[in-house]
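need coordinates for the following:
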Amino acid sequence: MPRSKPPPAYGPTVRLVVTVGLILFASCEPGSPTVEEPADVSAAAVVANLERTVGIAHEKFMALAQAMPEEHYGWRPMEGVRSVGEVFVHVAADNWFGPAVVGVEAPAETGVTTEDATVSAYQERALSKEEILAEMEASFQHMLAAMQATAPRAEGEVALRGNPLTVADLWVRLIVHMHEHLGQSVAYGRSLEVVPPWSR
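Purely as a prediction, here's the structure:
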């Protein structure tokens, strides 16, 4: 049988590190935290940060929608998916729908309520580029106002299609969904050789 190798001879630096580590470990009181505990953050503070995120998305959507030529609004990469203009209208529809879920009703002229059928009807209208831009702008303003109005009750519970969640959680879901469509719109623009204005 081959003889076992002798243990490696550790240098003075390694021995020093191990020694210091053992001393520090021994000096800790049992059960005491070794790192600072994060401060509690209120749901209202979270919503305030989310408002800034929506503001950024708002600027980017409007800039890209404006930069996209109207003749491209009907373009879609394949059958069965939304066109350029339909994506923008879909985002506006969600901006009306989300606040309705937390009790901030959309303007009557939109026809959007918490019922899915009303959201679908809103998206099925034939709109020009100018009309789509106006709808997007108004919907973003509405959503931001709703977020500000509901911040004091951000931890309150609402229901989204029968599923309970907090107001703050609803805003998070809507914003994640919004950014999915922002990425989609950027990809559409790149496919059509339209450079997003903020990346020039």
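
any idea how many residues pack against the residue nearest to Gly74 when sequence neighbours are not counted?
Nearest residue to Gly74, sequence neighbours excluded (Cβ to Cβ, 6 or more residues apart in numbering): Ser83, at 5.3 Å. Where C-beta positions appear, they are placed from N, C-alpha and C, glycine not excepted. Number of residues near Ser83 (other Cβ atoms under 10 Å) recorded here: 15.

against His181, how distant is Ser83?
13 Å (Cβ to Cβ, to the nearest Å).

can you pull out the strands in the protein?
Along the chain, counting by DSSP state E, strands occupy 157-160, 163-166.

what helices or strands is the first one leaning on?
Of the remaining helices and strands, those touching strand 157-160 by 3 or more Cβ pairs under 8 Å, 6 or more residues apart in numbering; DSSP states H and E are helix 84-101, strand 163-166, helix 167-191.

would you turn the ones you listed into CSV with mean neighbour count, distance to Glu59 and mean pLDDT?
Below are those laid out as CSV (neighbours: other Cβ atoms under 10 Å; distance: least, Cβ to Cβ, whole Å; pLDDT from 0 to 100):
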stretch, mean neighbour count, distance to Glu59, mean pLDDT
helix 84-101, 23, 13, 97
strand 163-166, 12, 27, 91
helix 167-191, 17, 11, 95
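
in contact with the residue lying closest to Glu137 once chain neighbours are set aside, which residues?
For Glu137, ignoring the flanking residues on the chain, the nearest one in space by Cβ to Cβ, 6+ apart is Met62 at 6.4 Å. Shown in contact with Met62 (Cβ atoms under 8 Å, 6 or more residues apart in numbering): Leu133, Met136, Glu137, Phe140.

helices and strands of this structure: which one has the lowest mean pLDDT?
Every helix and strand of the chain was ranked by mean pLDDT, DSSP states H and E. The lowest is helix 12-27, at a mean of 45.

and the closest residue to Glu86 other than its chain neighbours, how far is that from Val194?
Nearest residue to Glu86 in three dimensions, chain neighbours excluded: Gln123, at 6.9 Å (Cβ to Cβ, 6+ apart). Using Cβ to Cβ, Gln123 is found at 22 Å from Val194.

next one: Lys60
Taking Cβ to Cβ, one finds Lys60 at 13 Å from Val194.

likewise Glu137?
For Glu137 relative to Val194 (Cβ to Cβ), the value is 19 Å.

same question for Leu64.
Taken as Cβ to Cβ, the span from Leu64 to Val194 is 8 Å.

please identify which of the two sits among more neighbours.
Taking neighbours as other Cβ under 10 Å, Leu64 and Val194 compare with Leu64 leading, 22 against 17.

would you confirm that that one contacts Gln184?
No: contact criterion Cβ atoms under 8 Å: Leu64 and Gln184 do not qualify, at 10.8 Å.

pLDDT wise, what is Arg161 at?
pLDDT, Arg161: 86.

what's the burial count for the nearest residue to it once chain neighbours are set aside?
Distance criterion Cβ to Cβ, 6+ apart; nearest residue to Arg161, sequence neighbours excluded, is Asp116 at 7.7 Å. Neighbourhood size, Asp116 [other Cβ under 10 Å]: 10.
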